[in-house]
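Enquirer: sequence plus the predicted model coming up.
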Amino acid sequence: MNKLFSCRFNMDTNRVEARFEDGITVAIDRIAIEDEYGNTPAQRSELVWLLYNKPLEYAQMVLGGEMAHYLSLGCDHGRLED
């Protein structure tokens, strides 16, 4: 697979659209990813935070099979502060 060139979240389709250097485009279904990896509210919150703030990293982790490992680290970007 070629290098991931660009990525954006399309709110109309609820998909992350990832484009590679060779012109191939892949659409990642947000709901399917949340159903697969978002087992807790904190994990779902982290997925949403990644989606809106770092869509390129989100796509790289999904396509590279690294999302479960990332969420197991207990990241808390999406949590609300007190």
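Expert: Structure's in. What do you need? On a predicted model such as this, the values are computed, not experimentally measured, just so you know. Numbering: from 1, shown residues only.
Enquirer: helices along the chain, start to end?
Expert: 30-37, 41-53, 55-64, 67-72 (DSSP state H).
Enquirer: distance to residue 17 and mean neighbour count for these - can I get that in JSON lines?
Expert: (Glycine included, C-beta is placed from N, CA and C.) Output for the helices of the chain, formatted as JSON lines (distance: least, Cβ to Cβ, whole Å; neighbours: other Cβ atoms under 10 Å):
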{"stretch": "helix 30-37", "distance to residue 17": "11", "mean neighbour count": "15"}
{"stretch": "helix 41-53", "distance to residue 17": "12", "mean neighbour count": "17"}
{"stretch": "helix 55-64", "distance to residue 17": "9", "mean neighbour count": "18"}
{"stretch": "helix 67-72", "distance to residue 17": "17", "mean neighbour count": "15"}
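Enquirer: just for the chain, where's the confidence low?
Expert: 1, 75-82 (pLDDT under 70).
Enquirer: between the helices of the chain, which one is closest to residue 16.
Expert: Between residue 16 and the helices of the chain, the shortest separation by Cβ to Cβ is 5.3 Å, and it involves helix 55-64.
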